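Undergrad: attaching a predicted model along with its sequence, questions to come.
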Amino acid sequence: MKKKTRYEIGWENLMQIDGKAGERVVESLKEIAPDLARYTIEFPFGDVYDRPGLDLRAREIATLAALAALGNARPQLKVHIHGALNVGVSPEEIIEIMIQMAVYAGFPAAINGALAAGEVFGERKEGAGQN
């Protein structure tokens, strides 16, 4: 049996976590920066997300906290809120993550994160942003 490539592993993880939202990000990069699109699949999703030690749920919780704390990554935060929901993080847990960010990243980051989460919850309720 042929060993899977980093890209194949990364693509499978990306689809499991982010689904269509992740696919749209990669597609949007392909014409502008195809190497960046490939690196995005191979390194974070093919190498890091596939490591032992943390399951996908824990990795998405860490990712949400980091993106919310950055305060300038709203599109990526929304993609990963979808991803967190896809791997079993509840909406209530996502809001708790944003509240926790008030302590370590400040109220603006927490409020912006909570508002992004609200948008994602609304999109999923409407069926427009699933996966």
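TA: Thanks, I have the structure now.

Undergrad: who touches the most centrally placed residue in the chain in this structure?
TA: By CA atoms, centre = their mean, the chain has its centre lying nearest to residue 80, at 2.1 Å. Residue 80 makes contact with 18, 60, 63, 64, 67 under the criterion CB atoms under 8 Å, 6 or more residues apart in numbering. All C-beta atoms are positioned from the backbone trio N, CA, C, and that covers glycine.

Undergrad: quick check: the fourth one touching residue 93?
TA: Looking back up the chat, that one is residue 64. No. Residue 64 is beyond contact range of residue 93, at 9.2 Å (criterion: CB atoms under 8 Å).

Undergrad: show me what the lowest-mean-pLDDT helix or strand in the chain is packed against.
TA: In the chain, no helix or strand scores lower on mean pLDDT, DSSP states H and E than helix 19-30, which sits at a mean of 89. Packed against helix 19-30 by the contact rule (3 or more CB pairs under 8 Å, 6 or more residues apart in numbering; DSSP states H and E) you find helix 6-17, helix 34-40, helix 74-86.

Undergrad: could you pull out the buried residues of the first one?
TA: For helix 6-17, the buried set under the neighbour-count rule, 16 or more other CB atoms under 10 Å, comprises 9, 10, 11, 12, 13, 14, 16, 17.
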